[in-house]
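Participant: Coordinates for the following, if possible.
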Amino acid sequence: MIVKEAAESIKIRKLKLILKRFPPHHPVRHEIEVELLKSVTGYNGEKSLDFHMNLLPDDETFIFHDLRLPFGSNHFQIDILILTTTFFLILEVKNMAGTLIFDQEFHQLIRISNDKEDVFSDPISQVYRQTHLLKEWLKHHKFPEVPVESLVVISNPHTRIKYVPQSIKISQKVTHSTNLLAKFHDYQHMRKSEFISKKDIKKLSRILLKRHSQSNQDLFQQFSITQDDLIKGVACTKCFTLSMIRSSRKWFCLKCGHYDKLAHIHALKDFALLNGPAITVHECCDFFQISSRHVVKHLLNAIKLPITPAGRHNIYHLENLL
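Facilitator: Okay, here's the model as predicted:
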């Protein structure tokens, strides 16, 4: 059964939002679009495995998507973790087209597509590292030692897989998603002894969910941009342009003529995702592009947000909107 489903990451949501509020001809825009495409491609690759995951025995498997667990002063991430009573399985999903060459002499992945060659870090080394860290994490949390298998899954069925040198076969470590069920059955036949009870797996599942934390990268720092690079204002809930003004206690879109009483709530959600779940009246005036503190204060108080008193700079908490 799926314990933790695949979901769009905070990073993807933030990239989409930044692009929504980014000037069309800004020199950094293309870089952000490329990063979004890369992130969405990875997410789609993982989602494409849903069909194959549903073929696994539901009563024997506990499946987690996108785990990010703390270990020491750092975190490690796993695309998909499958727990059974006889073995655990780590899946690293790659959604890449063209020809993939797994170079096991220099431990790198080479992609050839449209006569262009790109080099990436080695996914086989990556799952080896993830396996080591997961075993240490389990030991730290006093769970029994369970065999941990790992597999690099290529989600695009048209991708060609090659490897060098020829003396090092990688078929035990790399497969197409269409072969996932067969690989799972291979592990089942190989691992028949029970190492952990279902009761302990359920306990482990609760701890995994509790310890998981989403990565929340500072994208402003990554792309060397600031809030001032963004187009501020309240977006129309019909045509989605940032062209609404406050008129007669409603929001009015200058482009399509749509009226909306609550469009500012969507703008507050945007602010919270980009800047964190706290806002002052001054920050809200700036983001909404409204000069009246009285109007903004009324809008914030009407939503009944939790407040930390600080005189003229009261802090309104937006967690309930996320």
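
Participant: can you pull the contacts of the spatially closest residue to K173 that is not a sequence neighbour?
Facilitator: Among residues not flanking K173 along the chain, I124 sits closest, at 5.2 Å (Cβ to Cβ, 6 or more residues apart in numbering). Yep, even glycine has a C-beta here, placed from its N, CA and C like the rest. Neighbouring residues of I124 by Cβ atoms under 8 Å, 6 or more residues apart in numbering: F102, Q104, H107, V152, I170, K173, V174.

Participant: cool, and K169?
Facilitator: Y163.

Participant: rerun at 10 Å
Facilitator: K169 makes contact with Q104, Y163 under the criterion Cβ atoms under 10 Å, 6 or more residues apart in numbering.

Participant: can you give me the helices in the stretch 201-322 of the chain?
Facilitator: Along the stretch 201-322 of the chain, counting by DSSP state H, counting those that start in this stretch, helices occupy 219-222, 263-275, 281-288, 293-302.

Participant: okay if I get those helices as JSON lines plus distance to Y316?
Facilitator: Shown next, in JSON lines, are these (distance: least, Cβ to Cβ, whole Å):
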{"stretch": "helix 219-222", "distance to Y316": "22"}
{"stretch": "helix 263-275", "distance to Y316": "9"}
{"stretch": "helix 281-288", "distance to Y316": "8"}
{"stretch": "helix 293-302", "distance to Y316": "5"}
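
Participant: Tabulate these (a markdown table), appending distance to E5 and mean pLDDT.
Facilitator: Shown next, in a markdown table, are the helices of the stretch 201-322 of the chain (distance: least, Cβ to Cβ, whole Å; pLDDT from 0 to 100):
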| stretch | distance to E5 | mean pLDDT |
| --- | --- | --- |
| helix 219-222 | 24 | 96 |
| helix 263-275 | 20 | 96 |
| helix 281-288 | 32 | 96 |
| helix 293-302 | 33 | 94 |
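
Participant: May I see the ones you listed organised as JSON lines, with distance to I2 and mean neighbour count added?
Facilitator: As requested, the helices of the stretch 201-322 of the chain are arranged in JSON lines below (distance: least, Cβ to Cβ, whole Å; neighbours: other Cβ atoms under 10 Å):
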{"stretch": "helix 219-222", "distance to I2": "29", "mean neighbour count": "14"}
{"stretch": "helix 263-275", "distance to I2": "26", "mean neighbour count": "19"}
{"stretch": "helix 281-288", "distance to I2": "37", "mean neighbour count": "19"}
{"stretch": "helix 293-302", "distance to I2": "38", "mean neighbour count": "15"}
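
Participant: closest to I196 out of those helices?
Facilitator: helix 263-275 (38.3 Å; Cβ to Cβ).

Participant: per-residue confidence averaged over stretch 98-110?
Facilitator: Stretch 98-110 carries an average pLDDT of 95.

Participant: quick one: it to chain centroid distance?
Facilitator: In terms of Cα atoms, centre = their mean, to the nearest Å, the centre of stretch 98-110 is set 25 Å apart from its chain centre.
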